[in-house]
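# Turn this into a model:
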Amino acid sequence: MISGPSGMMCSRARVDGYRTALETARLPVDPELIHEGDFHHEAGYAAARALLTRDDRPIAIFAGNDLQALGVYEAARELGLRVPQDLSVVGFDDLPLARWVGPPLTTVRQPLVEMAETGARLAVELGRGEHPAATRVDLATSLVVRASTAPPPADSPPLPTR
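Have a look, this model is predicted:
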């Protein structure tokens, strides 16, 4: 995983989701495979280079946002790795460019319009001196599966069974 800055709540939440997904699949969480980035392409590239040049190179990388995922694409290309045949990549945000890169990026979509509407409504209510029913609103994300992910290669170690 390539996270965002550890001081940002959204970064910590994405790392928590990554850990939970691994634990649910009964896979170990290796802290050495979690690299902190800054949500920019260059950080994704640098972290991916570090991860992809390990002796035990990962076969999948979850980037904390789509821009970092594009950095992963660049590092993989430079190292002669093909997405998704050699490396699956997942981003976060579902930026418009995610569907246009080659291959189109699997990503986690956030309901940005609903987030903006909710934030504006809360700001107006507070500005009027009203007390909103809630000051914290959780909105659901969804996985958008595109062509940057594939099943593990046949020669990969088997995943644990439940």
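# mind checking the longest strand of the protein?
Ranked by residue count, the top strand of the chain under DSSP state E comes out as strand 88-93.
# Now that one: average pLDDT?
The pLDDT scores in strand 88-93 average 97.
# Just the buried positions in it, please.
Buried residues in strand 88-93, counting neighbours by 16 or more other C-beta atoms under 10 Å, are found at 88-93. The way it works is simple: take the backbone N, C-alpha and C, and place the C-beta from them, glycine included.
# same deal with stretch 41-49?
Across stretch 41-49, burial judged by 16+ other C-beta under 10 Å covers 41, 43-49.
# Please apply the same query to stretch 102-112.
Using 16+ other C-beta under 10 Å as the test for burial, stretch 102-112 gives 103, 105-108, 110.
# next one: stretch 14-31
In stretch 14-31, counting by 16+ other C-beta under 10 Å, buried: 14-15, 18, 22.
# excluding its backbone neighbours, what's nearest Y73?
The shortest distance from Y73 to any non-neighbouring residue, by C-beta to C-beta, 6 or more residues apart in numbering, is to V83 (6.1 Å).
# thinking again about what came up before, dump the buried residues of stretch 14-31 to TSV, plus pLDDT and distance to I59.
Listed next are the buried residues of stretch 14-31 as TSV, based on pLDDT from 0 to 100; distance: C-beta to C-beta, whole Å:
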residue	pLDDT	distance to I59
R14	95	20
V15	97	20
Y18	96	15
L22	95	14
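# Could you list which of those residues belong to helices?
The helices, defined by DSSP state H, take in 14-15, 18, 22 from the buried residues of stretch 14-31.
# Name the nearest of those relative to D56.
L22 (15.5 Å; C-beta to C-beta).
# Quick check: the closest one touching L33?
No: applying C-beta atoms under 8 Å as the test, L22 and L33 come out as separate, 9.6 Å apart.
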